[in-house]
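J.: What follows is a predicted structure for the sequence shown.
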Amino acid sequence: MFNKVLIANRGEIAVRIIRACRELGMQTVAVYSEADRQALHVRLADEAYYIGPAPSRESYLRMDHILDVAKKAGAGGIHPGYGFLAERSDFSQACVDAGISFIGPKPSAIAAMGDKAIARATVAAAGVPVVPGTEGEGSLTDEELLKAAQSIGFPLLIKATAGGGGKGMREVRNLEEMPELLESARREALAAFGDGNVYLEKLIEGARHIEFQVIADEDGNTIHLGERECSLQRRHQKLLEEAPSPFIDEDEEFRQKMGAVAVKAAKAVGYVNAGTIEFLVDKDKNFYFLEMNTRLQVEHPITEEVTGLDIVTEQLRIARGRPLSLTQEQVRMQGWAIECRVNAEDPHNNFLPSTGFISHLTVPTGPGVRVDTGVYAGFNISPYYDSLISKLVVKGESRAQAILRMRRALEEYHVVGVKTNIPFHQRILEQARFIAGNFDTRFVEERFSLEKAEEGMETHPEIAAIVATLVANDQTQRSAHIISRGKRDTSNWKWVSRWERMHR
Amino acid sequence: MFNKVLIANRGEIAVRIIRACRELGMQTVAVYSEADRQALHVRLADEAYYIGPAPSRESYLRMDHILDVAKKAGAGGIHPGYGFLAERSDFSQACVDAGISFIGPKPSAIAAMGDKAIARATVAAAGVPVVPGTEGEGSLTDEELLKAAQSIGFPLLIKATAGGGGKGMREVRNLEEMPELLESARREALAAFGDGNVYLEKLIEGARHIEFQVIADEDGNTIHLGERECSLQRRHQKLLEEAPSPFIDEDEEFRQKMGAVAVKAAKAVGYVNAGTIEFLVDKDKNFYFLEMNTRLQVEHPITEEVTGLDIVTEQLRIARGRPLSLTQEQVRMQGWAIECRVNAEDPHNNFLPSTGFISHLTVPTGPGVRVDTGVYAGFNISPYYDSLISKLVVKGESRAQAILRMRRALEEYHVVGVKTNIPFHQRILEQARFIAGNFDTRFVEERFSLEKAEEGMETHPEIAAIVATLVANDQTQRSAHIISRGKRDTSNWKWVSRWERMHR
Amino acid sequence: MKYITTIDDTQYEVEILNPRQVSINGKVVEVDFKSVSGQPIYSLLVDGKSYQAHVYTGDEDDLQVLLRGVLHTAKVEDEREKRLRAAAGGGSGEGGEFVLKAPMPGLIVKVAVNEGDEIKKGQVLVILESMKMQNELKSPRDGKVTRIQVKAGDSVEQRQSMISVE
Amino acid sequence: MKYITTIDDTQYEVEILNPRQVSINGKVVEVDFKSVSGQPIYSLLVDGKSYQAHVYTGDEDDLQVLLRGVLHTAKVEDEREKRLRAAAGGGSGEGGEFVLKAPMPGLIVKVAVNEGDEIKKGQVLVILESMKMQNELKSPRDGKVTRIQVKAGDSVEQRQSMISVE
């Protein structure tokens, strides 16, 4: 049974996994690119090895380098996190071939679920409802897709066969605009996944995105840990998630029905370890299998908060051959959890990514607040990786308490140096429709405007004027004071001061 | 129903209460002494008023100033936190007289429980078992106490009638040493509480200190929220608490039996709001009422973590006349929580308090970690108040997971500028007896030595030598570099730089 | 000391009378102002109200004031500076050239215009890939593309000039 | 650059050969050393092992190195300094006067000795109240009280001299 784990990832998820290993008394091996020498995961791990230049394809996507490090360091397991190599069956296979435990599903399950078309066919055969679309091979030409589109009907979605996270996804309203959208979807898919294949899917209008966390051990025990509501998205990127779903809420029968289907879908591919079944749910409670994410999700903490189960610890246990630590009957959801993804991007400027040096950071603390972060004051956010810098998670006794708590925590959260989407989250949490739980996957794009939401806000321009003036005045006086000093009077220069104190 | 709360306290508990108010949409009023102008509670509250010089008796103990502020600001409720005025029936009465809700019990309940002798008589009359000792008036002379001591038998404890927190407490092994110990106990009690009265109590050997959280509404509904294990003490000061108690653990029958007695004790004084019944428990599961703390406890968060109930929010609801939000049957303890009190004191130097400027602070985050703090990087710890700077609370699925998680969190917790007792907690969590749950209130003093515990630790002196040398070498080079610069080249001086950028 | 302070688009006359008194547009207020050592955080008490502000220098060398969840852009000038700027003549850059600079480092995926093109406000000029996202950079106004300094496949640094519009 | 570095009570000869190589007691190790900007935190990679250290100046102007939960006291001297100190003659203060200074500000509750008293190591000299605790300050060695500069009821500042023992 292995006792040293290589984490083939970076950022908050690498830190999350290192913490879980530490809490199990396991050794940790970090890998890092040139841009990440000072990253938190490198600082916190027991060992750390350089694997290449900043671009992912030269570092975090280099299976060969990562496996070399694992062998050199004697790591018996590799946790892939999410993104990068997490859903690459060839990597999972390469780990197996090298005699290293891949902390995740078997290559065959990744492969089956990784090609969306095969995935849909597989689960449909097991009796799981799927969204109408181009099943089968999935490598259709543009001509074939244009033809298929007419039988599925509009509106529909173009989606990347290899993808996830909204990349390579396009919404099509009519046949005329479809050729151009097909081209851009293929281009984006190719850039993101190295595979330009796309498929079509009927667009369920007013749909909610609700997903079920499943876990399975090597003996075939498979359970679900309830659902997460992930309808709050912008350009198909999740921004805020909650568990349970306000749409399901106290309809325990519906939850168990969907959960049982999720378990069925996982079993259809012989799934082992943690995974997620995503569904689209329409307002009449019809639900359709969307895809399975064969890895740990970004939003796994909200499930941890409501079930009390540590999913990463459970992943490690499963990979070490242990049975699940609880049965389906022992799973109980208590309270309500919300996660806000804190991204380095400017919500006032089209959510443009923001890079730079974090000069100051105040992280919220106190009851019911959890922060999973990969950054710290003094860290430089580089343009090479995604913009997620931390996840703010709160738990409350009820949804109302969780919302109020999240508002409190967001107010306490201050990041200086890069722009973040915190103001976006603050305004979302004030929307009547959000508070009422009445929203679908298109809420942000169709019904929400940050500018409009900010119009009604109480501001204190006079106080801001006083503060700004006092700060500027202080700065003038300080600088005048400094400049007028003799050049040997450097007592405010901390290094000099320390040095002098050390040597006097 | 009031909507603005004055917090008659400082430090982490003031911050805790401000957060709860904010999560209920209530306005907050902070008060502060001269030493606390920059304290976190002042920064976070909606309003803040100065109430006097640094010493508590001139500020946080000045009921008149505090009530004046409450009237001026229009606060409808006052939360006293713990310490200071929290257990002063005259303050509770003064609030009532001023038409302000005191967020705590009625003056009569504070008075009844505040005098230990009366408290013991009251609960004994209600059928609650008490530790043998000098009940009755409590203002006995030294001669009377020396006489009583012989009928109680040795070993016994001298305790301050007005006190708490171990102040004015002395342990007596025989009659000979008793007169001197009486004198010092009275002196300390007088200094701490303005009252030199003491009483005697039989010392239960091998005793555990286990307490039950109770809450009661104005309609007389009174429930308990399970127990907390508080046996880990040093000089009668709690340092580490956990919920549930490893001694009770799965003996649900015993828990409910003690809980029912706790509720009975609270009802004996017509208790309203949150309070705690402290028991001594011997190894045969005999338990004795020790005292009731008629206020919020420092260690309330561990009960919040295992029950999922926010006790401060509940206090505010009760004070606004609302019924309890749950029944005894709905209380469920799930998982295991541990709290370490992080004190500014030097565990390597007899736990001497440490004051000064916190120049750097890294606070642990991630799954299952909660930090309730009153300090931040840039804050100056003054000698005027107690040494508690933050509470580190973890929750795990099991006691084992909670211990491992606490170790991980302590490792991540770095405070630079003042000494803290973090190394003490780290070594305690490694003790076989602690891990086995096999300890009593004398464990720290009788069976634990920090120095001995540190002997076996793995250290890396060569690495420390390399780091220290590289840091010192860097400092030399930087200082040399700086000193050789022209005096107008001040680009590294941030204020000058900012100023120049602002005005160029 | 007298200052003209602009918050977002509104000007205020702020005079610091003494460390505890400030006049704003002629109204005198009692203030208690403290900076938190080593941090860009300030605490201001005015009439018992407690305000916590983060203040830092923005991209345009203005001050950014984050106050109760709202970010304000502030410009503080003393009277002499104000006069100097007025003398230099306002509105200098109004109709001049606009240069699209890279808002962050990244990779040029596509240049969507050619030199000489007449373009509309909101029209996409460049697609820049950064942080695994393709970001469309648009023209802030109508005009004509006068110069293109990048091509698809180029890596650009932050603030690097890419396209000029006149 | 060659240094003599003392960690706790052990001396090490440390030579910085170049930014990536250090020799310690003659053994050459490959190092990757980075400071975290603006923080007293350093990351050191040696042979793949990752060490995070907090380094700051201690009370006695030594360096305090917090490494994997253990606090080390470090003294770093270059060869010139070492020679100078050796020339000044070691062990100067061994049998000299010991002055008890207040470890923190507080209130003197009691002075437990008188001038001229012969005292034992561990004997209580003063009771100092601070942070709501009464703290007993003890003598670190046997000796004789030569001077008392405080009395019960006095407020003392940090580092204020209180009692001299010879």
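T.: Great, that's in hand.
J.: Please make it C-alpha for all contacts and neighbour counts, starting now.
T.: Fine.
J.: Count the neighbours of A:Gln426 for me.
T.: By the measure other CA atoms under 10 Å in any protein chain shown, the count of residues near A:Gln426 is 21.
J.: For it, list the residues it contacts.
T.: The contact partners of A:Gln426, taken as CA atoms under 8 Å, 6 or more residues apart in numbering or on different chains, are A:407, A:410.
J.: what about the helix or strand where A:Glu454 lies and chain C, touching?
T.: Assigned by DSSP states H and E, A:Glu454 falls within helix A:450-455. No - Helix A:450-455 lies out of reach of chain C by CA under 8 Å from any CA of the partner chain, never closer than 8.9 Å.
J.: Around chain D, which positions in the stretch 1-150 of chain A sit nearby?
T.: Remark: the part of the stretch 1-150 of chain A in contact with chain D comprises A:38, A:42-49, using CA under 8 Å from any CA.
J.: residue ranges with poor pLDDT in the chain?
T.: This is for chain A. Residues of chain A meeting the criterion pLDDT under 70: A:135-138, A:163-165, A:479-504.
J.: should've been chain C
T.: C:59-60, C:83-96.
J.: Helices along that one, start to end?
T.: Under the criterion DSSP state H, helices of chain C are mapped to C:79-88.
J.: Give me every residue in it lying close to chain B.
T.: Residues of chain C lying close to chain B by CA under 8 Å from any CA are C:34, C:36-39, C:43, C:45, C:48-52, C:57, C:61-62.
J.: are any of these buried, and which?
T.: Listed as buried from the residues of chain C next to chain B are C:34, C:37, C:43, C:45, C:48-52, C:57, C:61-62; burial here means 16 or more other CA atoms under 10 Å in any protein chain shown.
J.: What about the residues of chain C next to chain B, which are in strands?
T.: C:34, C:43, C:45, C:49-52, C:57 (DSSP state E).
J.: Neighbours of residue 19, how many?
T.: In the absence of a named chain, chain A is used. Here the number of neighbours of A:Arg19 (other CA under 10 Å) works out to 26.
J.: switch to chain C, that's the one I care about
T.: By the criterion of other CA under 10 Å, C:Pro19 has 11 neighbours.
J.: Next: the one 4 residues further on.
T.: Around C:Ser23 there are 19 other residues, counting by other CA under 10 Å.
J.: which residue does the stretch 101-250 of chain A bring closest to chain C?
T.: Checking the stretch 101-250 of chain A residue by residue against chain C with CA to the nearest CA singles out A:Ala192 as nearest, at 7.5 Å.
J.: ok, the residues of chain C next to chain B vs A:Asn343, which is closest?
T.: Taking CA to CA as the measure, A:Asn343 lies nearest C:Thr57 of those, at 21.1 Å.
J.: Tell me the bridge partners for that closest one.
T.: On the basis of DSSP bridges, C:Thr57 is bridged to C:Leu63.
J.: isn't it right next to C:Thr73, touching?
T.: No - the pair C:Thr57 and C:Thr73 fails to qualify as a contact (CA atoms under 8 Å) at a distance of 9.5 Å.
J.: Touching both of those two, which residues are there?
T.: C:63-64.
J.: one step back: turn the ones in strands among the residues of chain C next to chain B into a markdown table, including distance to B:Phe254.
T.: Shown next, in a markdown table, are these (distance: CA to CA, whole Å):
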| residue | distance to B:Phe254 |
| --- | --- |
| C:Lys34 | 54 |
| C:Ser43 | 51 |
| C:Leu45 | 53 |
| C:Lys49 | 50 |
| C:Ser50 | 49 |
| C:Tyr51 | 50 |
| C:Gln52 | 49 |
| C:Thr57 | 62 |
